[in-house]
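Enquirer: 3D, please:
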Amino acid sequence: MSEKCGKCGKTAYPTEKVNSIGKAWHKACFKCTQCNSSLQLGSEAAHEGKPYCKRCHQSAFGPGGYGFGQGGTLSSHSWNTTVHGGTPIAEPPKVENKASEATNFCGECGFRNAGAGFCSNCGSKLE
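Expert: Got it, this is the predicted structure:
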């Protein structure tokens, strides 16, 4: 007996089907749930039994923030307002960025210098 297509529910005969995500699909029905682009076996990602192209799956269900196509700032985080034991805290901890204080960029050539008085690339005095 032939299986039913995971998208349209019609019979998917062996010559016109692909098997993925534990279901049979017509080749024409095997498309990304979000952008509707055609998928090839091995190029799909699944979420809750639905096929997605890897790009749509990553943007919808993958991690976010800096390094994942989204900007990441401390202001984008929600803070835990209690410490261990349930004691409430008034505000998130202060974070100091000492790395940016020790880094100077040359006004002449734009070279990044770490705490030196003169640019190690062009020799200009750093301000």
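
Enquirer: helix, strand or coil for Ser59?
Expert: Three-state call for Ser59 (DSSP: H, G, I helix; E, B strand; the rest coil): helix.

Enquirer: how many neighbouring residues does it have?
Expert: Using other Cβ atoms under 10 Å, Ser59 has 16 other residues around it. In this view, the C-beta of every residue, glycine as well, is placed from N, C-alpha and C.

Enquirer: distance check, it against Tyr52.
Expert: Distance, Ser59 to Tyr52, using Cβ to Cβ, to the nearest Å: 9 Å.

Enquirer: what of Ala45?
Expert: Shown here: Ala45 relative to Tyr52, a distance of 5 Å by Cβ to Cβ.

Enquirer: higher neighbour count, these two?
Expert: More neighbours surround Tyr52 than the other of Ala45 and Tyr52, with 22 against 19 (other Cβ under 10 Å).

Enquirer: doesn't Phe30 make contact with that one?
Expert: No - with contacts counted by Cβ atoms under 8 Å, Tyr52 stays clear of Phe30, the gap being 11.4 Å.

Enquirer: not counting its neighbours along the chain, what's nearest Arg55?
Expert: Sequence neighbours aside, Cys35 is the residue nearest to Arg55 in space, at 7.8 Å (criterion: Cβ to Cβ, 6 or more residues apart in numbering).

Enquirer: where are the low-confidence patches of this structure?
Expert: Where the chain drops to pLDDT under 70, the residues are 1, 64-93, 95-103, 116.

Enquirer: where exactly do the strands run in it?
Expert: Secondary structure of the chain (DSSP state E): strands located at 3-4, 11-12, 17-20, 23-26, 44-47, 50-53, 103-105, 112-114.

Enquirer: in its sheet, what does the third one sit against?
Expert: For strand 17-20, the paired strands and their directions (DSSP bridges) read strand 23-26 (antiparallel).
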